[in-house]
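> Requesting a structural model of the entry that follows:
(one chain, ligands or ions: 1)
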Amino acid sequence: MAGQREERAAVGGVREAAAARETGPLRVAARDLTLAYGDTTAATGLTFDVRPGEFVSLIGPSGCGKSSALRAVGGLLAPVSGDLLVDGTPVDGPRPRDVAFVFQDLALYPWRSAVRNVEIALQFAGVGRAERRARALDALQAVGLGDVPHRFPHQLSGGMRQRVAIARALVSDAPILLLDEPFAALDELSRLKIGEQLVTLLEEHGKTVLFVTHSLSEAAYLSDRIIVMTPRPATIKEVIEVPLPRPREPQVLRTPEFHALTDRLSALLLEDDPGDVR
Ligand SMILES: Nc1ncnc2c1ncn2[C@@H]1O[C@H](COP(=O)(O)OP(=O)(O)OP(=O)(O)O)[C@@H](O)[C@H]1O
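The predicted model follows:
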């Protein structure tokens with residue numbers, strides 16, 4: 001009974017997320033952003049939107065400015081010019097209640113076990129001890145680490161550590177997730193599996209995702225839209241709506257539509273940077 005209720009609630013959540021994607025206000029609105037580090041301009045003229053519940057990927061040549069765009073949305077890099085709004089409010093610094101991160105260099109606390117690393121997101125938000133523990137264990141279960149919650153980071157593989165970081169982002173109540181190559185340490189099969197699980201979880205929770213990846217197939221498999229960037233200083237070359245139905249099943253990887261999409265992405269990147277497509 002409870003199981004059925006949960007299932008119905010989850011399906012309802014998925015529907016609501018899909019409806020919000022179509023009609024809701026913008027979660028992220030970037031207008032003509034210039035991003036720089038001192039004299040180094042990382043990106044110019046960046047204009048893009050992310051709607052509620054959308055999964056949007058940024059792809060482009062190495063060093064073009066994808067992570068910088070993510071950092072700007074997260075309030076870690078102030079734009080030199082342009083307007084950047086999250087939920088209608090100008091970004092003027094990190095907002096952990098609204099925006100959670102998973103970065104390539106994950107920053108797990110080495111002295112805290114997996115479950116305590118996940119709990120920390122909730123501890124900062126003032127969630128009580130028992131609820132914290134229960135939610136952290138659920139999140140670890142969801143990323144396939146339900147059997148090793150008390151291991152410390154040094155006792156986990158690189159891929160397992162990445163899963164802990166993903167669980168930490170999932171468990172937070174922040175409606176926006178910024179994911180910078182979160183699956184970089186995983187093998188191709190695990191990437192797809194955990195990617196699929198992640199999308200299901202995100203849909204159930206109505207999360208909005210901005211995702212940086214070097215993997216064109218990962219971008220195609222996971223995204224609603226893909227923003228293709230030019231070499232540094234990055235501008236937006238093209239924004240592609242992903243024509244694949246949801247929920248995505250692994251079989252989609254073998255369809256002509258999927259191959260056509262990844263071919264198109266790789267052609268767009270090759271036009272600008274023949275030597276730098278991974
Ligand atoms: N902290 C920093 N200080 C100075 N320059 C930086 C800094 N971080 C990034 N840059 C420069 O800004 C440019 C964009 O970097 P960014 O990390 O955003 O690119 P990226 O597209 O995410 O790269 P990759 O795909 O290799 O991860 C690069 O030329 C980089 O050298």
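
> make it CA atoms for all contacts and neighbour counts henceforth
Will do.

> so T44 is in which element?
strand 40-50 (DSSP states H and E).

> Output the contacting helices and strands for the following helix or strand past that strand.
The element immediately downstream of strand 40-50 (helix or strand, assigned by DSSP H and E) is strand 55-59. Applying 3 or more Cα pairs under 8 Å, 6 or more residues apart in numbering; DSSP states H and E, one finds that strand 55-59 contacts strand 208-212, helix 216-222, strand 225-229.

> can you tell which of those is closest to the ligand?
strand 208-212 (7.5 Å; Cα to the nearest ligand atom).

> Can you give me the neighbour number for G38?
8 (other Cα atoms under 10 Å).

> if we can go back for a sec, next, the angle from the strand holding T44 to strand 55-59.
For strand 40-50 against strand 55-59, the angle by axes from the mean of the first three to the mean of the last three Cα atoms, to 10 degrees is 160 degrees.

> what packs against strand 40-50?
Looks like strand 40-50 contacts strand 28-37, helix 66-73, strand 236-241 (3+ Cα pairs under 8 Å, 6+ apart).

> would you turn those into JSON lines with distance to the ligand and mean pLDDT?
Shown next, in JSON lines, are the helices and strands packed on strand 40-50 (distance: least, Cα to the nearest ligand atom, whole Å; pLDDT from 0 to 100):
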{"stretch": "strand 28-37", "distance to the ligand": "5", "mean pLDDT": "96"}
{"stretch": "helix 66-73", "distance to the ligand": "4", "mean pLDDT": "94"}
{"stretch": "strand 236-241", "distance to the ligand": "12", "mean pLDDT": "95"}
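
> Which of these sits closest to R97?
helix 66-73 (13.7 Å; Cα to Cα).

> for that closest one, the distance to its chain's centre please.
Centroid separation for helix 66-73 versus its chain: 12 Å, with Cα atoms, centre = their mean, to the nearest Å.

> ok, now stretch 54-68?
11 Å.

> can you pull the buried residues of that stretch?
Judged by neighbour count (16 or more other Cα atoms under 10 Å), stretch 54-68 contains these buried residues: 54-62, 64-68.

> Pick out the most distant pair among the residues you listed.
E54 and S62 (24.2 Å).

> Spell out which parts of the stretch 51-200 of the chain neighbour the ligand.
Counting by Cα under 6 Å from any ligand atom, the residues of the stretch 51-200 of the chain close to the ligand are S62, G63, C64, G65, K66, S67, S68.

> Where does L189 fall, secondary structure wise?
Element membership of L189 [criterion: DSSP H and E] is helix 188-205.

> domain assignment for the chain?
Split into domains by the TED database, the chain comes to 26-98+175-272, 108-173.

> related to what we said a few turns ago, so for L76, which of the helices and strands packed on strand 55-59 sits nearest?
Taking Cα to Cα, strand 208-212 is the member of the helices and strands packed on strand 55-59 nearest to L76, at 14.9 Å.

> Give me the contacts around the closest one.
Strand 208-212 has contacts (Cα atoms under 8 Å, 6 or more residues apart in numbering) with 27, 50-59, 66-67, 70, 175-181, 202.

> Low-confidence ranges, the stretch 51-200 of the chain, go.
104-106 (pLDDT under 70).

> the strands in it, which residues?
55-59, 81-86, 89-90, 99-102, 176-180 (DSSP state E, counting those that start in this stretch).

> Which one of those strands lies nearest to L265?
strand 55-59 (8.8 Å).

> quick one on the thing from earlier: and among the helices and strands packed on strand 55-59, the most buried is which?
Sort the helices and strands packed on strand 55-59 by mean neighbour count, taking mean count of other Cα atoms under 10 Å, and strand 208-212 sits at the top with a mean of 25.

> Name every strand pairing with that strand and say which way it goes.
strand 55-59 (parallel), strand 176-180 (parallel) (DSSP bridges).

> between those strands, which gets nearest to D138?
The nearest among these, by Cα to Cα, is strand 176-180 at 18.3 Å.

> Quick one: work out the angle between that closest one and helix 66-73.
Using the same axes, to 10 degrees: strand 176-180 against helix 66-73 is 150 degrees.

> and strand 176-180, C-alpha only, in CSV?
The C-alpha trace of strand 176-180 is given here as CSV (Å, rounded to 0.1, in the frame of the first residue of the first chain):
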residue,chain,number,x,y,z
ILE,A,176,19.4,23.3,-8.4
LEU,A,177,22.4,20.9,-8.8
LEU,A,178,25.6,22.0,-10.6
LEU,A,179,27.5,18.9,-11.7
ASP,A,180,31.0,19.3,-13.0
